[in-house]
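1. Model the structure of this input:
(one chain, ligands or ions: 1)
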Amino acid sequence: MNFGVGFSGGEADDELEAQIHIWKHMFNFINSIVLNCVVELSIPDAIHEYGEPMSLSALASTLHINPTKVQALGRLMRILTQSGFFYIKKFITQNDNEEEGLNSLVDVGGGNGTMTKAIADAYPQLSCICFDLPHVIDGIQETANMTFVSGDMFKEIPQVDAILLKVLS
Ligand SMILES: C[S@@+](CC[C@H](N)C(=O)[O-])C[C@H]1O[C@@H](n2cnc3c(N)ncnc32)[C@H](O)[C@@H]1O
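-> Here you go, the predicted model:
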């Protein structure tokens, strides 16, 4: 009888599938906590009543969010966008970007950089790094504000303003 975690012969694909499975369960609780916040803050009503795509600063102002909490609201909205509850019409304006003081981001375990590139394209002022294991990112094309850095996230990751850790959609 075998009660292992499902690696057959140590194949890389099986190991990756197992990692994805564990990570999904580890982070599953986040969506329900975030949804609870969203309902309590009446965010869907605020966006609906606004009648058009709403910037983060407009949303914060409508909800009378304390200016010191606007960054937290931004993080909340990013999680909701990531989980498909909202979508981003236009990520951010240059002014919003400066207000948030966000100049650099690393997508840890970013794979082939699909998500990193989407962010880099939407935030031209932001320096984005796709960080992954060497064999995953070798030879992938960089852009003006998107670079690839190889390494082991359990040892060290690049020092930046924001860290993205996403496990598939
Ligand atoms: C489930 S994939 C997620 C890919 C991407 N973030 C997404 O959501 O589509 C996990 C990624 O983590 C990378 N990874 C696994 N162990 C790593 C480590 N120790 N250091 C850096 N990256 C690692 C894998 O190569 C893989 O690209």
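
2. In what element of secondary structure is residue 29 found?
-> Assessed by DSSP states H and E, residue 29 sits inside helix 12-41.

3. what does the next helix or strand after that helix rub up against?
-> Using DSSP H and E, the helix or strand that follows helix 12-41 towards the C-terminus is helix 43-50. For helix 43-50, contacts defined as C-beta atoms under 8 Å, 6 or more residues apart in numbering pick out 38, 54, 58-59, 62-63, 77, 86. Bear in mind the C-beta positions are built from the backbone N, C-alpha and C, glycine included.

4. rerun at 10 Å
-> Residues outside helix 43-50 that contact it (C-beta atoms under 10 Å, 6 or more residues apart in numbering): 37-39, 42, 53-54, 58-63, 73, 76-77, 80, 85-86.

5. buried stuff in the helix or strand hosting residue 71?
-> Assigned by DSSP H and E, residue 71 belongs to helix 70-82. Going by neighbour count (16 or more other C-beta atoms under 10 Å), the buried part of helix 70-82 is 70, 73-74, 76-80, 82.

6. Same check on stretch 108-121?
-> For stretch 108-121, by 16+ other C-beta under 10 Å, it's 108-111, 113, 115-117, 119-120.
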